[in-house]
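Participant: Take this sequence and fold it.
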Amino acid sequence: MSFRQDSTLHATWSRCGCQPEVPVTGARKSVKIFGCVEVYSARFMYHRSTVFNAVTYIGFLERIARRYFPQPVIYIQDNASYHKHRDVWDWFRGNRSWWHVHNLPPYSPEFNAAEPLWKHTRKMGTHNRYFEVIDELIEAVTSVFCSMQRNPEQIRGYLLPFS
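Facilitator: This is a model prediction of the structure:
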């Protein structure tokens, strides 16, 4: 998921006649996050990267592997272009004795258990907020992620349709 530094406006409450204003930077910078969620325990794992590609994705998979090996993993991923890269599939083949990967159908975010968590992060951390510098955005996103990791019950309801 990419979180942009630009302000994202979303429905909010305000006093009649006092419309809230959120400044914008015009910056086109973003924070790129790899993330996954363990559906039954609501354990959320993430990793910030500078770019989305096969090399950085394999690095993320390695982090997950260190956490779960040798327990069997059933891993469901969407259809991002780097998920289909030959090196990624070589990595999956090399770990197929304990890591089982499945791709979601194309254009089906409603089947992706991580999507509600991205929406939660935008709602709680980025919507209707001004980030003068990219580090403020990183701090806001990281704060929401840390909260989800410390309090998995906070996101458990989002995962009910997937369990």
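
Participant: Give me the residues contacting the worst-scoring helix or strand of the chain on mean pLDDT.
Facilitator: In the chain, the helix or strand scored least confidently by mean pLDDT, DSSP states H and E is strand 2-4, which has a mean of 89. Defining contact as CB atoms under 8 Å, 6 or more residues apart in numbering, one finds that strand 2-4 is touched by 28-33, 52, 121-122, 125-126, 137, 141. All C-beta atoms are positioned from the backbone trio N, CA, C, and that covers glycine.

Participant: if you set the cut-off to 10 Å instead, what comes out?
Facilitator: 25, 27-33, 48, 52, 118, 121-122, 125-126, 131, 134, 137-138, 140-141, 144 (CB atoms under 10 Å, 6 or more residues apart in numbering).

Participant: cool, and stretch 129-140?
Facilitator: Here stretch 129-140 makes contact (CB under 10 Å, 6+ apart) with 3-10, 21-25, 27, 29-31, 33, 48, 121, 124-126, 141.

Participant: Weed out the non-buried ones from those residues.
Facilitator: Phe3, Arg4, Gln5, Asp6, Ser7, Val31, Ile33, Arg48, Thr121, Gly125, Thr126, Val141 (16 or more other CB atoms under 10 Å).

Participant: Give me the subset of those residues lying in helices.
Facilitator: Under the assignment DSSP state H, the buried ones among the contacts of stretch 129-140 contribute Thr121, Val141 to helices.

Participant: Just give me the closest of the buried ones among the contacts of stretch 129-140 to Ile74.
Facilitator: Ile33 (21.9 Å; CB to CB).

Participant: Bridged to the closest one, which residues?
Facilitator: Beta bridges link Ile33 to Arg48, judged by DSSP bridges.

Participant: residues touching it, list them.
Facilitator: By CB under 10 Å, 6+ apart, the contact list for Ile33 reads 1-3, 46-49, 52, 60, 114, 118, 121, 138, 141-142, 145.

Participant: out of the residues you listed, which is most surrounded?
Facilitator: Highest neighbour count within the contacts of Ile33, by other CB atoms under 10 Å: Thr121, with 26 neighbours.

Participant: Please consider this matter closed, and thank you.
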